[in-house]
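> Turn this into a structure:
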Amino acid sequence: MSDKTTAAHIPLPAPAKAKTAWRDVWRVYTEAATFRMLLLGFSAGLPLLLVFGTLSFWLREAGIDRTTIGYLSWVGLAYGFKWAWAPLVDRLPIPLLTRWLGRRRSWLLLSQTIIVTALVAMAMTDPSLALQPVVWCALAVAIGSATQDIALDAYRIESADVERQAALAASYQTGYRIAMIWAGAGALWIAARAEVAGGAVYQHGAWQAAYLVMAASMLLGVATVLLSPEPLRRELPPSKNAADWLKGALIAPFADFLRRYGKQALLILALIAVYRISDVVMGIMANPFYVDMGYTKDEVASVTKVFGVIMTLVGAFVGGALAMRFGVMRVLMLGAVLSAGSNLLFAWLGSRGHDVNALIVVISADNLSSGIASAAFIGYLSGLTNVNYSATQYALFSSMMLLLPKFLAGYSGQYVDTFGYSHFFTATALLGVPVLLLVWLASRSNTIQAK
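Below you'll find the model as predicted:
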C-alpha cells in the first residue's frame with residue numbers, strides 16, 4: 001500500500017500524461033486494500049436505509065402518515081452536521097482503544113458498537129404503540145453511522161495514493177450499495193418470512209426479527225476492523241496548549257481548503273451541496289410509494305435483490321473504471337444526467353399501476369445511475385482532501401452533500417400529500433438541472449482538473 005505524503009489536490013491539466021492502460025485499471029480491483037473497502041463499505045451502507053427507506057416502509061405499514069414519515073427523515077441531518085465532531089475523530093484518542101487499534105480503527109469500532117446497540121433497541125420498540133422511542137433509536141443509529149463514515153473516509157483516503165482513490169471509491173460504493181440492498185430488500189424479505197400466516201397486515205414481530213438480523217450483520221464490519229491494518233500513522237505537530245489544539249483541530253482543516261482553492265472553493269462547495277439532491281429528496285418517499293401502489297414486501301425485495309444487485313455492481317465498477325480512464329469530471333456529468341433522468345421513471349411507474357415488470361425497469365435504472373454517480377463523486381471528494389486533515393475535510397464535504405437534500409426531504413411527505421407522487425418525482429428530477437451547470441463550470445475551472 002502506498003500513502004500520500006503531501007497535501008492531496010487536483011492539479012492543473014497535464015497534456016503529456018498518458019491514459020492509464022485498461023489492464024492496470026482493472027488490476028487494482030484485486031488488491032487487498034480494495035477488498036477491505038468492499039467489506040467496510042458494507043458496514044457503512046447498512047445503517048442508512050434502516051433509518052430511512054426501510055424504516056419508512058415499516059412506519060407506513062404501521063399506519064404512520066406520510067407527512068410524519070417525511071419529517072422523521074430529519075434524523076438524517078446527523079449526517080449533514082458530522083463535520084462538527086469530525087475534528088474530534090481526526091485528533092482525539094479514545095482511552096485504551098486507540099492504543100490497541102490505532103486512531104482510525106478505534107473510532108470505527110466505537111461507532112459500530114453504537115450502531116449495533118441502537119438497532120437492537122429499535123427492534124424491541126413498536127412504532128404503532130410508541131413512536132418517540134423509535135425516533136430516538138433512529139437518531140442514535142444515524143449519529144453512530146455518521147461517526148463511522150468520518151473514520152472510514154479518513155481510513156480510505158490514507159490507505160492509498162490519489163490514483164487509486166476512484167477504484168477504492170468504486171469498491172467502497174459496491175459494498176455500500178450491497179449493504180443497502182441487504183438493509184432494504186433483505187430486511188423486507190426477512191420481515192415477510194417472519195410474518196405469521198393469517199395474521200394482521202402489520203405484525204411488529206416480523207419487523208423485530210428483521211432489525212435484529214440487521215444488527216447482527218454489522219458484525220462483518222466489526223470483524224473487518226479488527227483484522228485490518230491501521231494506516232501509516234502520521235505524527236501531528238504537538239500542541240502547546242488547549243487553544244493551539246483547537247486551532248489545529250477546528251480551524252486549520254477549513255483554512256487549508258480555502259487556501260488551496262481560493263475563489264474556486266465556493267464553486268466546489270456549491271457543487272458538493274447539490275450533486276445528490278435529486279436522489280436524496282426522492283428516496284425517502286420511494287418505499288411509501290411502493291406500499292401505496294400495492295407492491296408487497298416480497299415483490300419489492302425480490303426485484304431489488306436480483307436486479308438491484310446486478311445493476312449496482314455494474315454501475316459502481318463501471319463508474320470507477322470510467323473515472324480512472326476518462327477522468328472524474330466527465331463521469332460526474334454522466335452521473336448527474338442519469339440520476340435526474342431515473343427519477344422521471346418513477347413518475348412513469350406511478351402511471352402503470354401494479355406492474356412488477358415496470359418496477360424491474362425502474363429499480364434497475366435507478367441502481368445503475370446511482371452506482372455510476374456515487375463512484376465518481378466519492379473519487380472527486382477524496383481528491384479534494386489534504387491527507388493531514390482527511391477526516392475533517394472529507395466530513396465537511398460529505399456533510400454538505402447531504403445537508404440541503406436531507407432538509408428538503410423532510411417536506412417530501414407533505415409535498416406528496418398535496419400534489420401527488422407523479423408531480424413529486426418530476427419535481428425531484430428538475431432539481432438536478434442546476435447540478436449540470438455546476439459540473440460544467442467546475443470542469444472548466446483552472447483549479448479543478450477535467451481529464
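
> pLDDT weak spots in this protein?
1-30, 160-166, 232-246, 248-250, 305, 387, 389-391, 446-451 (pLDDT under 70).

> Please identify the residue most distant from the middle of it.
Within the chain, the residue lying farthest from the chain centre (C-alpha atoms, centre = their mean) is Gly198, at 37.8 Å.

> Specify the local secondary structure of that residue.
Of the three states, Gly198 takes coil under DSSP: H, G, I helix; E, B strand; the rest coil.

> Now it, what are its backbone angles?
phi 80, psi 0 (degrees, to the nearest 10).

> And for the one 5 residues further on?
The phi and psi values for Gln203, taken as degrees, to the nearest 10, are phi -130, psi 110.

> Same question for Gly102.
Backbone geometry at Gly102, expressed as degrees, to the nearest 10, gives phi 100, psi 170.

> from memory it sits against Leu226, does it?
No: the pair Gly102 / Leu226 is not scored as a contact, 11.5 Å apart, by C-beta atoms under 8 Å. All C-beta atoms are positioned from the backbone trio N, CA, C, and that covers glycine.

> more neighbours, these two?
Gly102 (19 against 12; other C-beta atoms under 10 Å).

> burial of Tyr411, as a residue count?
That count, for Tyr411 with other C-beta under 10 Å as the rule, works out to 17.

> got a list of what the residue lying closest to it once chain neighbours are set aside touches?
Residue nearest to Tyr411 in three dimensions, not counting chain neighbours: Gly70, with 6.2 Å by C-beta to C-beta, 6 or more residues apart in numbering. Taking C-beta atoms under 8 Å, 6 or more residues apart in numbering as the contact definition, Gly70 lies against Ile284, Met285, Ala409, Gly410, Tyr411, Ser412, Gly413, Gln414, Tyr415, Val416.

> Mark which of these are buried, thanks.
Ile284, Met285, Ala409, Gly410, Tyr411, Ser412, Gly413, Tyr415, Val416 (16 or more other C-beta atoms under 10 Å).

> Sort out for me which of those residues are in helices.
Counting by DSSP state H, these place Ala409, Ser412, Gly413, Tyr415, Val416 in helices.

> how about the fourth one, what does it touch?
What that stands for is Tyr415. Applying C-beta under 8 Å, 6+ apart to Tyr415 gives the contacts Gly70, Phe424, Ala427.

> Serialize those to TSV and add fields for secondary structure and distance to Gly308.
Listed next are the contacts of Tyr415 as TSV, based on DSSP: H, G, I helix; E, B strand; the rest coil; distance: C-beta to C-beta, whole Å:
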residue	secondary structure	distance to Gly308
Gly70	helix	24
Phe424	helix	22
Ala427	helix	24
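
> Test my guess that Val274 contacts Leu438.
Yes: Val274 is within contact range of Leu438, at 6.7 Å (criterion: C-beta under 8 Å).

> got a list of what the residue farthest from the centre of the chain touches?
Contacts of Gly198 by C-beta under 8 Å, 6+ apart: none found.

> now it: how far from Arg60?
22 Å (C-beta to C-beta, to the nearest Å).

> repeat for Tyr176
According to C-beta to C-beta, Tyr176 stands 25 Å off from Arg60.

> neighbour-wise, which of these two wins?
Tyr176 (28 against 22).

> correct me, but the more buried one touches Gly41?
Yes: with contacts counted by C-beta under 8 Å, Tyr176 reaches Gly41, the gap being 4.2 Å.

> and which of the contacts of Tyr415 is nearest Ala323?
Ala427 (29.5 Å; C-beta to C-beta).

> Dump the buried ones among the contacts of Gly70 into TSV; add distance to Glu230 as well.
Formatted as TSV, the buried ones among the contacts of Gly70 follow (distance: C-beta to C-beta, whole Å):
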residue	distance to Glu230
Ile284	36
Met285	41
Ala409	36
Gly410	38
Tyr411	42
Ser412	41
Gly413	43
Tyr415	46
Val416	46
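
> hmm, which two among these are most spread apart?
For the buried ones among the contacts of Gly70, and using C-beta to C-beta, no pair is farther apart than Gly410 and Val416, which are 12.5 Å apart.

> Phi, psi for Gly294 please.
Dihedral angles (degrees, to the nearest 10) for Gly294: phi 90, psi 10.
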